[in-house]
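Trainee: compute the structure for the input listed below.
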Amino acid sequence: MTDPSIYVSPFLDVIQSDDIPATATTVALQSVLKILCLGMFDKKTPGARDVINSAITAITGYRLEKTNPVAEDAVMMRILHILTAIMRHRASILLTDQSICIVVNTCF
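Mentor: Got it, this is the predicted structure:
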């Protein structure tokens, strides 16, 4: 199997970038969600531990712009949706305790 970071990392880079508008971030978040929903990797896939924990770091590290409240609300809803999908994913068993705490703190 292919290392999932090959196809997830470009989207995580967009999410972490400060120079990307909220609309592009929403597209990157949708792409990550699609990859998760398609089950393109599981707990046995090499690199799955790194990619699923990196996704938590990138997604929860996103800083909202205060310029477009509507777009930012859409991004926040997408983030919560993805965090839920990560927790339900087959590879979620590979999440570190710190990543799980970050997800819980972000959602609540």
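Trainee: let me know the average pLDDT across stretch 77-84.
Mentor: The average of the pLDDT scores along stretch 77-84 is 93.
Trainee: just the helices in the chain please.
Mentor: For the chain, the helices defined by DSSP state H cover 5-16, 22-38, 48-60, 69-88, 97-107.
Trainee: determine which stretch of those is the most buried.
Mentor: Each of these was scored by mean neighbour count; the highest is helix 48-60, a mean of 20, by mean count of other Cβ atoms under 10 Å. Where C-beta positions appear, they are placed from N, C-alpha and C, glycine not excepted.
Trainee: which residues touch that one?
Mentor: 3-5, 8-9, 12-13, 15-16, 29, 32, 41-42, 79, 82-83, 86, 89, 91-92, 94-96, 99, 102-103, 106 (Cβ atoms under 8 Å, 6 or more residues apart in numbering).
Trainee: and the angle for it with helix 5-16?
Mentor: Here helix 48-60 runs at an angle of 10 degrees relative to helix 5-16 (axes from the mean of the first three to the mean of the last three Cα atoms, to 10 degrees).
Trainee: how distant is helix 48-60 from the center of its chain?
Mentor: 7 Å (Cα atoms, centre = their mean, to the nearest Å).
Trainee: just stretch 25-33 next, same as before
Mentor: Here the centre of stretch 25-33 is set off from its chain's centre by 8 Å, with Cα atoms, centre = their mean.
Trainee: list the helices and strands the helix or strand of the chain with the lowest mean pLDDT packs on?
Mentor: Every helix and strand in the chain was compared by mean pLDDT, DSSP states H and E; the lowest is helix 69-88, with a mean of 88. Under the contact definition 3 or more Cβ pairs under 8 Å, 6 or more residues apart in numbering; DSSP states H and E, helix 69-88 sits against helix 22-38, helix 48-60, helix 97-107.
Trainee: could you check the pLDDT of the residue located most distally from the centre of the chain?
Mentor: Most distant from the centre of the chain: Thr67, at 22.5 Å, with distances by Cα atoms, centre = their mean. What the model reports as pLDDT for Thr67 is 72.
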